[in-house]
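1. okay, structure incoming, though there's no sequence with it:
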Ligand SMILES: Nc1ncnc2c1ncn2[C@@H]1O[C@H](COP(=O)(O)OP(=O)(O)OP(=O)(O)O)[C@@H](O)[C@H]1O
């Protein structure tokens, strides 16, 4: 369990984390989402004592990280996969970490097997691809068989097989009753891996709820309608100035600013036949975009193609 209360970190005039209060519970995978610079990594670093809060507190399993006698047995963290001695082999890197906690060679072998590193365990970590480096970071996080895992972008650089492996690993660890806290910018992966989400923006918690609730809360943005009378239906629908209609195919319209029953009623009143009518499913990505719309600091300028109005 991770508990943050009023957690705040300032770097000079810059407030990276601004009074965050949240609890990450055991038995679930909790995703930590937010735009670039929202304060996710800073928060994770404070959880494991790599950064000191300006104010507020954060505890792991009821204690500050530094107060645990064997921190690796409490919390396993992957914060920066590149933070390895590049001249050391993967196995020596893990053995060196294990030695600080009296963890035996057998456990090192176990995590090497678990993370698929066996064929390259004798190679210098400096020669590793991004994906192998991530696996080594995950192996190190698992060394102490910790109750709590904190992983910053664990699937960054992994191939599809690796992404699937991380998903199963994390879900399995949560099913054993462990606390799993991870950040990722990959929304589809987060939707498949996490049960619960903490969404942050500009250093503050914007949402803290189950994934299903966050998606359900998002406004359904559009209705898709299939009709042989697309032009006539578009004409009658847009008599309402709040309704916008886009043509998706010759017989398919996407309607915003309305609902399926309202579209059906307008079509019925005009005597137009419908062949299909459904809300456009909201994805976690849509929900996330809506939630963080005001919290994005580093927004890209629209490209020419997008600015040209092609939709
Ligand atoms: N050591 C530091 N010194 C000064 N400013 C910092 C430091 N570390 C982070 N910051 C600033 O704090 C803010 C939060 O950064 P942080 O890396 O925690 O965000 P993040 O949510 O992890 O972003 P990303 O998704 O890009 O990894 C940023 O504006 C960043 O520039």
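-> Nice, thanks for sending it over. This is a predicted model, so every value here is computed, not measured.
2. which residues does residue 31 contact?
-> Applying CB atoms under 8 Å, 6 or more residues apart in numbering, we find residue 31 in contact with 182, 183, 184, 190, 193, 194, 196, 197, 198, 211. (C-beta placed from N, C-alpha, C; glycine too.)
3. excluding chain neighbours, give the residue nearest to the fourth one in space.
-> The spatial neighbour of residue 190 that comes closest, neighbours along the chain excluded (CB to CB, 6 or more residues apart in numbering), is residue 31 at 4.7 Å.
4. name the element the one you found belongs to?
-> For residue 31, the host element (DSSP states H and E) is strand 29-33.
5. what's the angle from whichever helix or strand comes after that strand to strand 29-33?
-> Toward the C-terminus, strand 29-33 is succeeded by helix 40-47 as the next helix or strand (DSSP H and E). Calculated by axes from the mean of the first three to the mean of the last three CA atoms, to 10 degrees, helix 40-47 forms an angle of 130 degrees with strand 29-33.
6. immediately after helix 40-47, which helix or strand?
-> Downstream of helix 40-47, the next assigned helix or strand under DSSP H and E is strand 55-60.
7. circling back to that earlier point, ok, the strand holding residue 31 near the ligand or not?
-> No: on the criterion CB under 6 Å from any ligand atom, strand 29-33 is out of touch with the ligand, staying 8.4 Å away.
8. as a whole number, average confidence for that strand?
-> Strand 29-33 shows a mean pLDDT of 97.
9. okay, now the sheet partners of it, with direction.
-> Strand 29-33 has the following strand partners under DSSP bridges: strand 179-183 (parallel), strand 196-201 (parallel).
10. for residue 15, which of the ones you listed is the nearest?
-> Closest approach to residue 15 among the strands paired with strand 29-33 (CB to CB): strand 196-201, 12.5 Å.
11. list the buried residues for the closest one?
-> Using 16 or more other CB atoms under 10 Å as the burial criterion, the residues of strand 196-201 that qualify are 196, 197, 198, 199, 200, 201.
12. kindly report the same for stretch 274-285.
-> 274, 277, 282, 284.
13. so what pLDDT did the third one get?
-> Predicted confidence (pLDDT) at residue 282: the value is 81.
14. tell me the contacts of the closest residue to residue 148 other than its chain neighbours?
-> Closest residue to residue 148 in three dimensions, ignoring its sequence neighbours and counting by CB to CB, 6+ apart: residue 179, at 4.2 Å. Shown in contact with residue 179 (CB under 8 Å, 6+ apart): 1, 2, 24, 25, 26, 27, 28, 30, 147, 148, 149.
15. need the contacts of residue 31 in TSV with pLDDT, can you?
-> Below are the contacts of residue 31 laid out as TSV (pLDDT from 0 to 100):
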residue	pLDDT
182	95
183	95
184	89
190	92
193	95
194	96
196	97
197	96
198	97
211	93
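16. tell me the one of these nearest the ligand?
-> Of all those, residue 183 has the smallest distance to the ligand: 6.9 Å, by CB to the nearest ligand atom.
17. if we can go back for a sec, pull up the gap between the residue nearest to residue 190 and residue 293, please.
-> According to CB to CB, to the nearest Å, residue 31 and residue 293 sit 19 Å apart.
18. now residue 166
-> Computed as CB to CB, the residue 166 to residue 293 distance reads 29 Å.
19. swap in residue 3?
-> Counting by CB to CB, the separation of residue 3 from residue 293 is 29 Å.
20. neighbour count winner among the two?
-> residue 3 (17 against 11; other CB atoms under 10 Å).
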